[in-house]
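**Q** Coordinates only, no sequence provided:
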């Protein structure tokens with residue numbers, strides 16, 4: 001009896017666990033496969049392997065677009081397709097009751113693209129707003145992005161695990177297909193040039209020569225004036241006789257004075273201050289005195 005009770009309890013536990021696991025687990029491909037209007041969207045989830053990531057989640061909301069609207073996604077490159085599709089997967093459960101009951105009539109929703117680590121500039125978030133006319137709209141939270149994708153209907157709802165909502169148009173952040181922006185270049189600090197070491201084979205540059213001073217007016221006047229005759233040397237020979245009356249060698253001979261003898265000419269030609277000149281002058285003077293006495 002006890003064994004039967006134990007076996008019954010074990011069977012009940014297994015059944016409860018299986019039911020719980022089945023309620024937690026879902027397959028987005030099978031869910032969308034029941035609706036032909038979402039076949040293109042469903043194929044894109046499978047091709048980009050995004051369906052596997054969705055199925056690993058326990059609480060999620062998928063914003064699906066029909067085949068006509070999904071053509072805007074299928075025309076994108078494969079890597080961009082995955083990014084755009086991940087923007088349509090919200091990491092929480094939302095249905096019309098939860099969205100309509102928000103106090104501020106708006107909210108910022110976190111998407112699967114944000115968890116990828118590739119989103120920047122708020123591209124991993126969605127803006128939700130309930131307009132005054134009661135229409136619920138979604139759009140990218142990237143600055144400048146339009147909030148125009150309207151919710152059309154609830155495709156499937158399993159509180160609080162998965163919700164599939166149909167929206168009117170794909171939600172594409174403007175910068176999601178652009179290459180990531182490069183960080184601003186840092187200004188390089190100029191490195192001071194090393195002081196040049198003196199080279200053995202190269203001589204040091206000589207300092208610039210000072211400019212010659214401009215000649216003054218006094219210098220010009222002195223340059224134009226004739227140079228003075230050099231004074232006789234103090235060490236020259238002293239004359240034997242008096243030289244006060246003797247003519248100098250540089251001075252001109254008197255025109256009226258006749259030449260008396262060779263001694264006068266010699267005296268004139270003799271250099272001033274020499275002994276021979278002094279003797280010649282002396283002799284000439286003696287001769288003149290003799291003539292006067294006679």
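**A** Everything's here; your move. In this text, all values refer to a predicted model and were calculated from it rather than measured experimentally.
**Q** all contacts plus neighbour counts: C-alpha atoms, from now on.
**A** OK.
**Q** Give the partner strands of the longest strand along the chain in its sheet and their orientations.
**A** As far as residue count goes, and with DSSP state E defining each element, the longest strand of the chain is strand 149-158. Strand 149-158 has the following strand partners under DSSP bridges: strand 136-140 (antiparallel), strand 162-167 (antiparallel).
**Q** Look up the closest residue to residue 41, ignoring the ones flanking it.
**A** residue 70 (5.9 Å; Cα to Cα, 6 or more residues apart in numbering).
**Q** Quick one: residues contacting that neighbour.
**A** Residues in contact with residue 70 (Cα atoms under 8 Å, 6 or more residues apart in numbering) are 40, 41, 169, 170.
**Q** Secondary structure element holding the second one?
**A** Under DSSP states H and E, the secondary-structure element containing residue 41 is helix 39-47.
**Q** so the residue nearest to residue 41, which of the three states?
**A** With DSSP: H, G, I helix; E, B strand; the rest coil as the basis, residue 70 sits in helix.
**Q** Need phi/psi at residue 87.
**A** Main-chain torsions, residue 87, degrees, to the nearest 10: phi -70, psi -20.
**Q** ok, now residue 29?
**A** Dihedral pair for residue 29: phi -70, psi -40, per degrees, to the nearest 10.
**Q** unless I'm mixing things up, it is touching residue 41, no?
**A** No: taking contacts as Cα atoms under 8 Å, residue 29 lies outside contact range of residue 41: 9.8 Å.
**Q** And these two? Which one has more around it.
**A** With neighbours defined as other Cα atoms under 10 Å, residue 29 and residue 41 compare such that residue 41 has more, 23 against 18.
**Q** Tell me the predicted confidence for that one.
**A** Listed pLDDT for residue 41 reads 99.
**Q** do residue 25 as well
**A** pLDDT at residue 25 comes out at 79.
**Q** Contact partners for it?
**A** By Cα under 8 Å, 6+ apart, residue 25 lies in contact with 55, 56, 58.
**Q** Between these, which sits nearest residue 77?
**A** Distance to residue 77, by Cα to Cα, is smallest for residue 55 among the contacts of residue 25, at 23.8 Å.
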